[in-house]
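*Asks:* Give me coordinates for this.
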Amino acid sequence: MLNYLWGFMILIGIVYAAFTGHLPEVTNAALTSAKEAVALCITMTGIMSFWVGLMKIAETAGLLTSAAKALHPLIRFLFPHIPKEHRANEYISTNMIANIFGLGWAATPAGLKAMEALQDLNPKKHLASTEMCTFLIINISSLQLIPVNIIAYRSQYGSTDPAGIVGPAILATLFSTICGILFAKFMAVRTDKRGK
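*Replies:* Got it, this is the predicted structure:
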């Protein structure tokens, strides 16, 4: 559906440009944007490789396991219905750690595995469980200490201080995560009361 929407918008833009005499500007913009997209992809590949490599080193050194253990009390608070030794805990921890370091692309595989593990625990397979909804909310709010993507974008587009976004990003994602957790807990209590 989204493909049709984008296709329709592009087509309307081209038709409008043709009728108003701005077709050369559309062609120039398309070529310039294509060039910038390739340059951005190359930049992001380098940054992604660097950070994913650091995550792999941290995993091999046992730092991710230590961080997951440090997150254990928080995981128990957020997901009280997941059994202590269930594999979902490890996937959730890995996802949260990757998101904290701004590695959304590295967090995605762990997030998908976490959802699969949570679905195994879900008694109503046709509905998302409270744990699944809570995890999704926390994943979307995405507390970040290092917003790698935004720093890369700002650097690519000529910012004089690409890392200047770090402070505001920490505040914004901390606020969104706190709001997300409060909402998830409120809804969990409400769901538990309704189920009794």
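
*Asks:* quick one: contacts for residue 143?
*Replies:* When contacts are counted by C-beta atoms under 8 Å, 6 or more residues apart in numbering, residue 143 touches 96, 99-100, 173-174, 176-177. (Each C-beta comes from the backbone N, C-alpha and C, glycine too.)

*Asks:* quick one: contacts of the helix or strand containing residue 73?
*Replies:* Under the criterion of DSSP states H and E, residue 73 resides in helix 63-78. Outside helix 63-78, the residues that touch it by C-beta under 8 Å, 6+ apart are 55, 58-59, 82, 84, 89-90, 92-94, 96-97, 134, 138, 181, 184.

*Asks:* Show me which positions of stretch 50-66 end up buried.
*Replies:* 51, 55, 58, 64 (16 or more other C-beta atoms under 10 Å).

*Asks:* Go ahead and flag the most central residue of the protein.
*Replies:* Nearest residue to the geometric centre of the chain (C-alpha atoms, centre = their mean): residue 104, 4.4 Å.

*Asks:* where in the chain is pLDDT low?
*Replies:* Residue ranges of the chain with pLDDT under 70: 195-196.

*Asks:* now the helices for it?
*Replies:* 2-20, 23-60, 63-78, 87-100, 104-121, 130-141, 148-156, 166-195 (DSSP state H).

*Asks:* hey, which of those is tucked in deepest?
*Replies:* With neighbours defined as mean count of other C-beta atoms under 10 Å, the helices of the chain peak in mean count at helix 87-100, which reaches a mean of 22.

*Asks:* Just the residues contacting it, thanks.
*Replies:* Outside helix 87-100, the residues within contact range by C-beta under 8 Å, 6+ apart are 55, 64, 67-68, 71-72, 75, 79, 82, 104, 106-107, 110-111, 113-114, 117-118, 120-121, 131, 135, 138-139, 142-145.

*Asks:* please redo it, this time with the cut-off set to 6 Å
*Replies:* Around helix 87-100, the neighbours that count as contacts under C-beta atoms under 6 Å, 6 or more residues apart in numbering are 67-68, 71, 75, 82, 106-107, 110-111, 113-114, 117-118, 142-143, 145.
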